[in-house]
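Student: Predicted model and sequence follow; I will ask about them next.
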Amino acid sequence: MRRGGSTVGQSGHAVAPVVRAPASPADLLADLDTQLMLQVRRGDREAAGQLIRRNYERVSRYIGRVVRDARAVEDLTQEVFASVLSHAAGYEPTARFTTWVYRVATNTALKFVQSRYERSRDRSGESRLADTADRVDTPDARLTVDELKTRVQRAIGELPPNQRAAAILFECEGLSYEQIAGVLSVSEDGVRALLQRARATLREQLSDLLE
């Protein structure tokens, strides 16, 4: 389990986090997805197909976690890769391709979330997104593993969009602070602040499970 940037070992003690060195130009050029994207930039359609196949499931899963709307995931995922291909001519390998595609996916997903939020406010005068909390009938009610996962997923889904994206990228996708900073276009300190606020909100929303 990851906690505050550290990994908790089987003994329950925090283990120092793995520090990833920034990707060097040589590392970037050795990255297969980056190589494929450079081929796409040169107009290689076969490379484009391979790149999409390698990353489609990952991007689709991430978007699903951010938008929490199964009906929208397929269209949004296709929108992400359409954007990737349409901007291929201007691609420069200043970061790993995965960082770049997560950035495109995040922008696409958050735009969808924001538009849904605004539509819900227009219809009801208040956000429907804040009214989806799962409730336990009694304080000592026992939750199954699936119910617990649902509670946590819903709580994450109610976080402000940037906090939600940061939490999912860190906890679910395993990205480093440096990578998340590149995806969200913020500093690493900004990533830490987003994660701290997200954890504080989740502790409050899930307080009945922590007692």
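Tutor: Noted; the coordinates are in hand. Because the structure is a prediction, the values reported are computed rather than measured.

Student: residue ranges with poor pLDDT in this protein?
Tutor: Residue ranges of the chain with pLDDT under 70: 1-30, 117-143, 210-211.

Student: so where do the helices sit in it?
Tutor: Using DSSP state H, the helices assigned to the chain run over residues 25-30, 32-41, 45-67, 70-86, 97-124, 145-157, 161-167, 177-184, 188-205, 207-210.

Student: residue contacts, E79?
Tutor: Residues near E79 by C-beta atoms under 8 Å, 6 or more residues apart in numbering: T108. Just so you know, the C-beta spots here come from the backbone N, C-alpha and C atoms, and that holds for glycine as well.

Student: make that A198, sorry
Tutor: 156, 159, 163-164, 166-167.

Student: That one and L32: what is the separation?
Tutor: According to C-beta to C-beta, to the nearest Å, A198 stands 32 Å off from L32.

Student: try E171
Tutor: In terms of C-beta to C-beta, E171 sits 26 Å off from L32.

Student: tell me the domain ranges of the protein?
Tutor: The record's domain parsing of the chain by automatic domain parsing lists 25-124, 142-211.

Student: how far away is the closest residue to A167 other than its chain neighbours from Q179?
Tutor: What sits nearest to A167 in space, not counting adjacent residues and going by C-beta to C-beta, 6 or more residues apart in numbering, is A198, at 4.5 Å. Distance of A198 to Q179, computed by C-beta to C-beta: 17 Å.

Student: Then N162?
Tutor: 15 Å.

Student: Who has more neighbours out of those two?
Tutor: Comparing N162 with Q179 by other C-beta atoms under 10 Å, the one with more neighbours is Q179, at 24 against 17.

Student: Before I go, just wanted to say thanks for your time.
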